[in-house]
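Student: Quick one, fold the following:
(chains A and B)
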Amino acid sequence: MTALTAARGGIAGAYHLQIAFRDANGYAKGSYVTPDSVPANTTTHAYYVGGLDSFSGAAAVYEKVTIKAGQQTIGNVTLGISDFGDPTIQLAEYNEVLNAYIKGATADVTSVSGWAMNPTNINQVTFPRFITLIAAKWLHSTDLTEYWLNWIYHNVQWIPASQGGSSQAGGVNPNPLTYILQQSKSTRQVTGVTMSASSGTYVVGGSDTCTVIRSVHPLALTTYVANGSATTFTLGYRPFYSTVTTGNTDNSTTLNGVATAVTTISTTTGAVVMAAGTTADIWEVVYPTDFVAI
Amino acid sequence: MMKDSRLGIWGESIQWPETTVTGLPYTRPCTTLGIDQLHFVVCDLFPSARQEEAITELRKLVAGMSAAPKSRDTTK
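Tutor: Down below sits the predicted model:
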């Protein structure tokens, strides 16, 4: 596919919501609940949360100073952001896996067979960090082509704000659940590549909280932790493109945070073939997909 | 030897295991752990000590499969 040109367009809908555990170095570790200790030869994918009702982006607070003298306002100086703001997500579903993930606990399906017991974990003091991907449609204002807009929060902790309930009300989604995403900065993109003040998005200080990515199809995320001998792993969904060129064309493939071409990507089996490399190498693949599971 | 229902097999067409490594049902996509070049298991959504024990057990089983003596060639 040809390179995109920066443009304007309208946002529509709330479609896809995925989360990936984030390790201490900022790499995505899919749905592996202990992201800093993923065994070699493990393939893991961002967890598809589903049930997305709505999403509101963060309203950052910009601190300002107003200069006023002689009964006149001289001007304002914007000092910078004093609060990142909290994006909120509303879900139509009570998701037991998500609940356990964000509470650092377990949806217990083994203690009593036939039950799923879901904790509140009221004494929780350690909140896992996630990379969060939200996708909506985007209509190009001039050529009217449909794209996808992917909000990527690089480093958030999910805080339950309203945990729903039940009522006699009818209508659409009368019992939603609301979550707040508490943001932190990250020096690493969702692709694994580090941010820079002198390349890419040219962000000041080489870190950021959120990147909005436009693509022809929504993005999915797979991570493979190598064992030094295996030369293939499998994506979670069928990728839309088989392109491997330099690791940053259509599909993003990175090795330890550096764009690196793999040998092949199959659009039917999801198989990725690459060089064996070294034990504990981290391959991250961010790829456009229509979410057909392998 | 009968294949363990917790073991998957990589290949052109992946043979997915019937259950996770501890015997639980699962849906794809799922986290997988390669046991050797051919076999893999599906990890539980919430790993436990039971999972570690099961992985150890299956590693031994797979190692045993590859070390199993081949049938004798009686033509020689």
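
Student: list the contacts for the one residue in chain A that gets nearest to chain B?
Tutor: The nearest approach of chain A to chain B comes at residue A:236, 3.1 Å away (Cβ to the nearest Cβ). Placement of C-beta: from N, CA and C, glycine included. Residues near residue A:236 by Cβ atoms under 8 Å, 6 or more residues apart in numbering or on different chains: A:45, A:46, A:220, A:222, A:270, A:293, A:294, B:28, B:29.

Student: Now the phi/psi pair for the second one, please.
Tutor: Reported as degrees, to the nearest 10, the phi and psi values for residue A:46 are phi -60, psi 140.

Student: Distance of it relative to residue A:231?
Tutor: Taking Cβ to Cβ, to the nearest Å as the measure, residue A:46 and residue A:231 are separated by 23 Å.

Student: Look at those two and report which has more neighbours.
Tutor: Using other Cβ atoms under 10 Å in any protein chain shown, the more surrounded residue of residue A:46 and residue A:231 is residue A:46, with 27 against 14.

Student: Return the residues in contact with that one.
Tutor: A:18, A:19, A:20, A:28, A:30, A:31, A:131, A:133, A:220, A:221, A:222, A:236.

Student: Tell me which of those residues fall in helices.
Tutor: The helices, defined by DSSP state H, take in nothing from those.

Student: now those: which count as buried?
Tutor: A:18, A:19, A:20, A:28, A:30, A:31, A:131, A:133, A:220, A:221, A:222, A:236 (16 or more other Cβ atoms under 10 Å in any protein chain shown).

Student: And the residues you listed, which two are furthest apart?
Tutor: A:131 and A:236 (14.7 Å; Cβ to Cβ).

Student: how close does residue B:3 sit to residue B:38?
Tutor: With Cβ to Cβ as the criterion, residue B:3 and residue B:38 are 11 Å apart.

Student: if I pick residue B:42, what's in contact with it?
Tutor: Per Cβ under 8 Å, 6+ apart, neighbours of residue B:42: B:6, B:8, B:16, B:17, B:19, B:20, B:21, B:26, B:30, B:31, B:32.

Student: Touching, the first one and residue B:17? I think so.
Tutor: Yes. Under the criterion of Cβ atoms under 8 Å, residue B:6 lies in contact with residue B:17, with a separation of 5.2 Å.

Student: Minimum distance to chain A, which residue of chain B gives it?
Tutor: Nearest residue of chain B to chain A: residue B:29, at 3.1 Å (Cβ to the nearest Cβ).

Student: For chain B, what lies in contact range of chain A?
Tutor: Contact residues, chain B versus chain A (Cβ under 8 Å from any Cβ of the partner chain): B:10, B:12-14, B:24, B:27-34, B:37, B:43, B:45-48.

Student: Tell me the one of the contacts of residue A:236 nearest residue A:189?
Tutor: Out of the contacts of residue A:236, the member with the shortest distance to residue A:189 (by Cβ to Cβ) is residue A:46, at 14.3 Å.

Student: Mind listing the residues bridging to residue A:285?
Tutor: As for beta bridges, residue A:285 partners with residue A:222, residue A:253 under DSSP bridges.

Student: related to what we said a few turns ago, name the residues contacting each of residue B:3 and residue B:38.
Tutor: With contacts defined as Cβ under 8 Å, 6+ apart, the residues adjacent to both residue B:3 and residue B:38 are residue B:9.

Student: Quick check: residues of chain A near chain B?
Tutor: Checking chain A against chain B by Cβ under 8 Å from any Cβ, the hits are A:30-34, A:39, A:41-45, A:48, A:97, A:100, A:106-107, A:109-110, A:222, A:227, A:229-230, A:232, A:234, A:236-237, A:269, A:293-294.
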